[in-house]
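>>> sharing a model prediction with you, sequence too.
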Number of protein chains: 2
Amino acid sequence: MARTRQRNGRDRHQEILDAAARVITDRGLAETRISDIAERCGVSPGLILYYFDSKDRLLAEALTSANDQFYLRLSREMRRMSSARDQLLRLVELSVPGLLPEFERLDEWALWIEIWVLALRDPELSKEREVLDRRWRQSIADIVRHGRSTGEFPEGDDADDLGVAIGALIDGLAIPVMMNDPACVPERMRDICMDVALKLIGFTPAAA
Amino acid sequence: MARTRQRNGRDRHQEILDAAARVITDRGLAETRISDIAERCGVSPGLILYYFDSKDRLLAEALTSANDQFYLRLSREMRRMSSARDQLLRLVELSVPGLLPEFERLDEWALWIEIWVLALRDPELSKEREVLDRRWRQSIADIVRHGRSTGEFPEGDDADDLGVAIGALIDGLAIPVMMNDPACVPERMRDICMDVALKLIGFTPAAA
DNA sequence: CCTTTCCTTGAATGCTCAGTCAACTTGGCG
DNA sequence: CGCCAAGTTGACTGAGCATTCAAGGAAAGG
């Protein structure tokens, strides 16, 4: 079937993107060679360029693809929970580098930093980043709105502003955590994020 | 005098570091060539390697040197002000990319991102980053302590925790601002930073 | 079967630098 | 005035790597 061919083509495409993301995580974008990606895929270097026009395009696509996958996981988890506070906690936990051992996605965050560096000079990637970031902030704002609609959270500041602030807080804290800064261990990041977020939201624990 | 020679050597050294920082800001670390730095200095490429053992060392040193200069400027300004609230505002303003036209240091922040990327793999730079970051958080914690000592701010959460949180917030917001994200224009960053910081500190404006 | 189309290979090409080096300059010092 | 050391030059080398390409499968369709 032509289907088979195409299916294979798609798989290979994604396979290369995933391999690229891993190599970038391991070696850093700057040290990533086409032959590394090929090796990780178990194919020849030539094939990589058969599927992608250039190394640069491949790398940019790999970065956004990886972050797409994180977002999908995140929103799937959010949908499963009904309590806004639980959602927020889970979002934070998923965001703290190295907190949950279950995902060995040790540093999806490392990919983010690489995106930032590239986006500074690549207008196309810059737009992508903006979209990804909007989605990220909106996930947070949605949790706030959801909590308010159920009465779990009080009314207060604009939910979008809260999304921006809490999102930035998480981003800013993830950096030192990722770098193993002893002043920012994962647990501390989680606690600070939750404390600040709940304080900004105006949530006061009902339990005693 | 031997002094003159040495003085020249020192000047040249710093001159190269400054040139390197500029080139990195313009072209990005990955695209920075030794010959670019030489050109910006008006010297030959060979000379650069006369002063530095390798390109990598030079770049790492240039990054930390630039951030050192930012810190010096910051702490000089802080010392001039007595009101903790003014200090905080000034710190925020100095941190918002592109807010103050006076310093055309358009993107000292761009250098920070490059540091993050490098520090992920370079243990030496990683240590440097940690020191710089500690200093940054401490500047904020010191403002909080100062405000409390004069009674301008109320007692409350641990000042060091506040330094971590507010510092991370600024870092996290600076990223989209630097990338010209329309959702995060400089003024909005300033306002959010001040609002959140003052709220966390527990400061309520006395004026009506 | 035979052919066409899609995959895949790996060697060959060519470019771009980082780093080296031998020669030249300059300014201080005896 | 020469000498020496520090500074400076720019041509050269060599490695590393993205990209190209000609040639070889292998599956689908006739």
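Sure, I can see it.
>>> which stretches of chain A form helices?
Secondary structure of chain A (DSSP state H): helices at A:2-27, A:34-41, A:45-51, A:55-80, A:84-95, A:108-119, A:123-149, A:159-178, A:186-201.
>>> my guess is A:V185 contacts A:M179. True?
No: applying C-beta atoms under 8 Å as the test, A:V185 and A:M179 come out as separate, 11.5 Å apart. For every residue, glycine as well, the C-beta is placed using N, CA and C.
>>> which residues does the closest residue in space to A:I140 that isn't next to it in sequence contact?
Among residues not flanking A:I140 along the chain, A:G163 sits closest, at 4.2 Å (C-beta to C-beta, 6 or more residues apart in numbering or on different chains). A:G163 makes contact with A:R137, A:Q138, A:S139, A:I140, A:A141, A:V144 under the criterion C-beta atoms under 8 Å, 6 or more residues apart in numbering or on different chains.
>>> okay if I get the helices of chain A as CSV plus mean pLDDT?
Below are those laid out as CSV (pLDDT from 0 to 100):
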stretch, mean pLDDT
helix A:2-27, 83
helix A:34-41, 98
helix A:45-51, 98
helix A:55-80, 96
helix A:84-95, 97
helix A:108-119, 96
helix A:123-149, 97
helix A:159-178, 98
helix A:186-201, 98
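>>> so which of these comes closest to B:I24?
Nearest to B:I24, of all those, is helix A:108-119, at 10.8 Å by C-beta to C-beta.
>>> re earlier: look at A:V185 and A:M179 and report which has more neighbours.
Set A:V185 next to A:M179 and count neighbours by other C-beta atoms under 10 Å in any protein chain shown: A:M179 wins out with 21 against 16.
>>> what's the closest non-adjacent residue to A:D122?
That would be A:A60: by C-beta to C-beta, 6+ apart, it lies 6.5 Å from A:D122.
>>> the one you found and B:R137, how far apart?
33 Å (C-beta to C-beta, to the nearest Å).
>>> could you do A:V177 as well?
As judged by C-beta to C-beta, A:V177 and B:R137 stand 13 Å apart.
>>> same question, A:V92
The gap separating A:V92 from B:R137 is 20 Å, by C-beta to C-beta.
>>> and A:G156, by the same measure?
From A:G156 across to B:R137, the span is 27 Å (C-beta to C-beta).
>>> next, count neighbours for the residue of chain A found nearest DNA strand C.
Closest contact between chain A and DNA strand C, by C-beta to the nearest atom of the strand, is at A:G46 (2.3 Å). A:G46 has 9 neighbours, counted by other C-beta under 10 Å.
>>> how about it, what does it touch?
Counting by C-beta under 8 Å, 6+ apart, A:G46 has no contacts.
>>> that older thread, neighbour count winner among A:G156 and B:R137?
B:R137 (21 against 14).
>>> with adjacent residues omitted, what lies nearest to the more buried one?
B:G163 (3.9 Å).
>>> try A:E77
The shortest distance from A:E77 to any residue other than its chain neighbours is 5.7 Å, reached at A:R90 (C-beta to C-beta, 6+ apart).
>>> that neighbour - how many residues pack around it?
18.
>>> give me every residue that touches it.
Contact analysis of A:R90 by C-beta under 8 Å, 6+ apart lists A:E77, A:M78, A:M81.
>>> out of those residues, grab the one that's most surrounded.
For these, counting by other C-beta under 10 Å, the largest number of neighbours falls to A:M78: 19 neighbours.
>>> is it true that that one touches A:Q87?
Yes: the pair A:M78 / A:Q87 is scored as a contact, 5.3 Å apart, by C-beta under 8 Å.
>>> name the residues contacting each of those two.
With contacts defined as C-beta under 8 Å, 6+ apart, the residues adjacent to both A:M78 and A:Q87 are A:I143.
>>> residue contacts, A:W112?
Taking C-beta under 8 Å, 6+ apart, we find A:W112 in contact with A:N67, A:D171, A:A174.
>>> please redo it, this time with the cut-off set to 7 Å
Residues in contact with A:W112 (C-beta atoms under 7 Å, 6 or more residues apart in numbering or on different chains) are A:N67.
>>> same thing with A:A19?
If you count contacts by C-beta under 7 Å, 6+ apart, A:A19 has them with A:I37, A:R40, A:C41.
>>> tally of neighbours for A:T150?
Neighbours around A:T150, by other C-beta under 10 Å: 11.
>>> roughly how far does it sit from B:R27?
51 Å.
>>> and what of A:I16?
Counting by C-beta to C-beta, the gap from A:I16 to B:R27 is 28 Å.
>>> who's more crowded, these two?
Between A:I16 and B:R27, counted using other C-beta under 10 Å, A:I16 has the larger neighbour count: 23 against 13.
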